[in-house]
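*Asks:* Let me see the structure of the following:
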Amino acid sequence: MRFLGGVQPREVAWRTLMLMAGAWHLQGVSMFSLIEKATGRWVGRVGPWMPEGWPGPEVGWGIVRECQGRGYATEAAVASIDWAFDALGWTEVIHSISPGNGASEAVAAKLGSRLRGPGRLPPPLGDVPVAIWGQTRDEWRTRK
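*Replies:* Purely as a prediction, here's the structure:
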C-alpha cells in the first residue's frame, strides 16, 4: 500500500471498493479482482480504468505484498491490455507509477511499456508525483 496511498481506514477502503464497482456500471470498465486459483484468496486488483481527469486510459495493478513476485500482475495485465485494445477499442494504455516503485516499473517494462515522463493526477492527488509509462496498440501488437 506504500505506493497506493498507504494503509487505509475501513471507511476509505470501502469507498474505493464502491468507486471500482460504480465505474463498471457507469463507464463499463474498471479493475478486476485477482483471485489466486489454488486458494481462492483475493490477492489484488488489475485492469483498465479511466477516472475523470486521469492522464490517460490506464491498465493498473496492485498486488498484496506477500503475493508479489509471482507473476500475477504481469499475467493479469497482459490479459487486461489485450481486452482494452480488442474489446474496448483503446488505442493506447498508460501505467501511472509512483517514483521509486521498482516492482511496478519492472512489470511495465516486461509489458513493453516505456517511460513517457512525469505526469499529473487529478485532484485531490495533484501533488502526488507519478511517472507515466505506456505504449500504443500498434506497439503492443507488434511486440506480441
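*Asks:* only C-alpha atoms for contact and neighbour calcs from this point on.
*Replies:* OK.
*Asks:* Quick check, pLDDT for the most centrally placed residue in the chain.
*Replies:* Against the mean C-alpha coordinate of the chain, by C-alpha atoms, centre = their mean, the closest residue is G60 at 0.5 Å. G60 carries a pLDDT value of 95.
*Asks:* same question, P123
*Replies:* 87.
*Asks:* Same question for R65.
*Replies:* Reading off the model, R65 has pLDDT 87.
*Asks:* Give me the phi and psi angles of it.
*Replies:* Backbone torsions of R65, given as degrees, to the nearest 10, read phi -50, psi -50.
*Asks:* ok, now the one 10 residues further on?
*Replies:* Phi and psi for E75, reported as degrees, to the nearest 10, are phi -60, psi -50.
*Asks:* got a list of what it touches?
*Replies:* By C-alpha atoms under 8 Å, 6 or more residues apart in numbering, no residues touch E75.
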